[in-house]
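Peer 1: Build the 3D model from these lines:
(2 chains)
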There are 2 protein chains.
Amino acid sequence: MTTIHGYSSSGNCHKLRLLLEQLGRPYRWIEVDITAGATRTPAFLAKNPNGRVPMLELDDGRILVESNAILCFLAEGTPYLPADAWQRAQALGWMFFEQYSHEPYIAVARFISGWTPLDSPRRADLPRLRERGHQALAVMEKHLASNDWFTGPDHGVADIALFAYTDVAGDGGFDLSPYPALRDWLARVRATPGFVAMPDPPAAMKALIEQSTWGGA
Amino acid sequence: MTTIHGYSSSGNCHKLRLLLEQLGRPYRWIEVDITAGATRTPAFLAKNPNGRVPMLELDDGRILVESNAILCFLAEGTPYLPADAWQRAQALGWMFFEQYSHEPYIAVARFISGWTPLDSPRRADLPRLRERGHQALAVMEKHLASNDWFTGPDHGVADIALFAYTDVAGDGGFDLSPYPALRDWLARVRATPGFVAMPDPPAAMKALIEQSTWGGA
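Peer 2: Next up is the predicted model:
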């Protein structure tokens, strides 16, 4: 059986849970507490020298890393990964956009808001992260103004990749009200069969996120 | 004919020239001077709202963006993209690693060194970028200590993706002497049929890079 090593409050990890639930495929989930250094142990680093989750492990011990590469692997041969080469390339294009132009701003702003103390010096980065994150949201809005999905004609891996952190962008202080097409797309993804939302962060992180947002950090 | 819009001194753009040359496939190259704002014009943004090169354009006007997505598209059906699903997923894993854990440090350190003035405040970021870049190089070294290539049993898209900025890491102040397996792999890539090196940066950028390196910035 496929094993996913993941941290449930991470959007990168949640992508895999969402796809596996939507595929109705059995899997084992091993929770990895990144806040307790579980990705920095010698045992973990022997499996992924880059020290990150998510990580897919096959029964024979073979390892695959990088959330979007794992999405593509799991979706192979299913409607979530287009069979058409051009559409598949477009899906990949959006997935690389997600990791380069979206996640480093939107996910990192959320991480700083919920996973660092209120007096962390990293909070000084938030205005710049929000500016760059809004640029990514504007690019998505432009696409969604004339397309229902990011992966060809239907919901698929690029939608899952982009949904994960966009759906919780508010945790990092992003107001999505200027993006009506994007908000409609979020609702369409939430209505797809087998959809599961990311669980709420642990209480301590949730409290920090609320204080960050209300404090206007 | 395939058209590539690219800036010749960008590793992300050079990836595509290298693959196309190695495939022996004809293409048209349109030079885009990013230093003169050519990716921020209304005409360019109409094609790629994210305002970046490289960009692939088909004869019918269809557009594909993101260097590694373009590599996969061009390599489809050739030995540069493995036919085996697991090997292809591993290649993708390395390409996402390149865009998330390698390029933002190694390429950005090079950009700051050569494309910003010697008194740019961005130069204060260089020590942190070099630290993170060395982490990425160490991950590559670990893989290359027991593997000749990043894309299964032979040279391919993940090698091309990782080669581009690793080969010019010195421009950003990275000393590659601690990575013998990585240096051997660079030499193996340089010896592959049809290999072309990235052209030298323009003289002004080359001078800044030399001053940055000698100044120990």
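
Peer 1: Next to chain B, which bits of chain A? Give me the list.
Peer 2: Counting by CB under 8 Å from any CB of the partner chain, chain A comes close to chain B at A:49-50, A:62, A:64-70, A:72-73, A:76, A:85-86, A:88-90, A:92-93, A:95-97, A:99-101, A:103-104, A:138-139, A:142-143. Placement of C-beta: from N, CA and C, glycine included.

Peer 1: at 7 Å what do you get?
Peer 2: A:49-50, A:64-66, A:68-69, A:72-73, A:76, A:85, A:89-90, A:92-93, A:96-97, A:99-101, A:139, A:142 (CB under 7 Å from any CB of the partner chain).

Peer 1: Narrow those residues to those in helices?
Peer 2: Counting by DSSP state H, the residues of chain A next to chain B place A:68-69, A:72-73, A:85, A:89-90, A:92-93, A:96-97, A:139, A:142 in helices.

Peer 1: Now restrict the residues you listed to buried residues only.
Peer 2: A:Asn68, A:Ala69, A:Cys72, A:Phe73, A:Ala89, A:Gln90, A:Leu92, A:Gly93, A:Phe96, A:Phe97, A:Val139, A:Lys142 (16 or more other CB atoms under 10 Å in any protein chain shown).

Peer 1: farthest pair in these?
Peer 2: A:Phe73 and A:Lys142 (29.5 Å; CB to CB).

Peer 1: Give me the distance between the two termini of stretch A:174-194.
Peer 2: Between the opening and closing residues of stretch A:174-194 lies a distance of 27 Å (CA to CA, to the nearest Å).

Peer 1: let me redo that: stretch A:95-105
Peer 2: 15 Å.

Peer 1: With stretch A:139-148 instead?
Peer 2: 14 Å.

Peer 1: Now that stretch: buried residues?
Peer 2: A:Val139, A:Met140, A:Glu141, A:Lys142, A:His143, A:Leu144.

Peer 1: likewise stretch A:54-71?
Peer 2: Applying 16+ other CB under 10 Å to stretch A:54-71 flags A:Pro54, A:Met55, A:Leu56, A:Glu57, A:Leu64, A:Val65, A:Glu66, A:Ser67, A:Asn68, A:Ala69, A:Ile70, A:Leu71 as buried.

Peer 1: where does A:Thr39 land in three-state SS?
Peer 2: Secondary structure, DSSP: H, G, I helix; E, B strand; the rest coil: A:Thr39 is coil.

Peer 1: what's the most distant pair in the ones in helices among the residues of chain A next to chain B?
Peer 2: Farthest pair in those, by CB to CB: A:Phe73 and A:Lys142, 29.5 Å.

Peer 1: Report the rounded mean pLDDT for the helix or strand A:Ala207 falls within.
Peer 2: Element membership for A:Ala207 (DSSP states H and E) is helix A:203-215. Mean pLDDT, helix A:203-215: 86.

Peer 1: secondary structure class for the residue of chain A most remote from its centre?
Peer 2: Residue farthest from the centre of chain A, counting by CA atoms, centre = their mean, is A:Asp60 at 27.0 Å. Following three-state DSSP, we place A:Asp60 in the coil state.

Peer 1: Against B:Thr41, how distant is it?
Peer 2: 52 Å (CB to CB, to the nearest Å).

Peer 1: just A:Ala89 next, same as before
Peer 2: Taken as CB to CB, the span from A:Ala89 to B:Thr41 is 25 Å.

Peer 1: same check, this time on A:Trp149
Peer 2: Counting by CB to CB - A:Trp149 and B:Thr41 are separated by 29 Å.

Peer 1: Looking at these two, which is more packed in?
Peer 2: Applying other CB atoms under 10 Å in any protein chain shown to A:Trp149 and B:Thr41 shows that A:Trp149 carries more neighbours, namely 19 against 13.

Peer 1: quick one, what contacts that one?
Peer 2: Contact partners of A:Trp149, counting by CB atoms under 7 Å, 6 or more residues apart in numbering or on different chains, are A:His155, A:Gly156, A:Asp159.

Peer 1: who wins for most neighbours among these?
Peer 2: A:Gly156 (26 neighbours).

Peer 1: Any idea how many residues pack against A:Gly37?
Peer 2: Neighbour tally, A:Gly37, other CB under 10 Å: 10.

Peer 1: So which residues of chain A form strands?
Peer 2: A:2-6, A:27-31, A:55-57, A:63-65 (DSSP state E).

Peer 1: Assess the claim that A:Leu45 and A:Gly51 are in contact.
Peer 2: Yes. Under the criterion of CB atoms under 7 Å, A:Leu45 makes contact with A:Gly51 at 5.7 Å.

Peer 1: And the two? Which one has more around it.
Peer 2: A:Gly51 (18 against 14).

Peer 1: For chain A, give me the ranges with low pLDDT.
Peer 2: For chain A, applying pLDDT under 70 flags the ranges A:213-217.

Peer 1: that older thread, quick check, nearest of the contacts of A:Trp149 to A:Tyr80?
Peer 2: Top of the list for closeness to A:Tyr80, among these and by CB to CB, is A:Gly156 at 4.5 Å.

Peer 1: Now the closest one. Nearest residue, chain neighbours left out?
Peer 2: A:Tyr80 (4.5 Å; CB to CB, 6 or more residues apart in numbering or on different chains).

Peer 1: Would you confirm that the one you found contacts A:Leu20?
Peer 2: No. The criterion here is CB under 7 Å, and A:Tyr80 misses it with A:Leu20 at 10.6 Å.

Peer 1: Now do the same contact list for the residue farthest from the centre of chain A.
Peer 2: Contacts of A:Asp60 (CB under 7 Å, 6+ apart): none.

Peer 1: Also A:Met205?
Peer 2: Contacts of A:Met205 (CB under 7 Å, 6+ apart): A:Ser9, A:Gly114, A:Trp115.

Peer 1: before we move on, what about A:Ile112?
Peer 2: Residues in contact with A:Ile112 (CB under 7 Å, 6+ apart) are A:Ser120, A:Arg122, A:Arg123, A:Asp125, A:Leu126.

Peer 1: do you know how far the nearest residue to A:Asp125 once chain neighbours are set aside is from chain B?
Peer 2: Among residues not flanking A:Asp125 along the chain, A:Ile112 sits closest, at 6.7 Å (CB to CB, 6+ apart). Noted for A:Ile112: a distance of 16 Å to chain B, by CB to the nearest CB, to the nearest Å.

Peer 1: cool, and A:Pro199?
Peer 2: Counting by CB to the nearest CB, the gap from A:Pro199 to chain B is 24 Å.

Peer 1: Thank you kindly, that will do.
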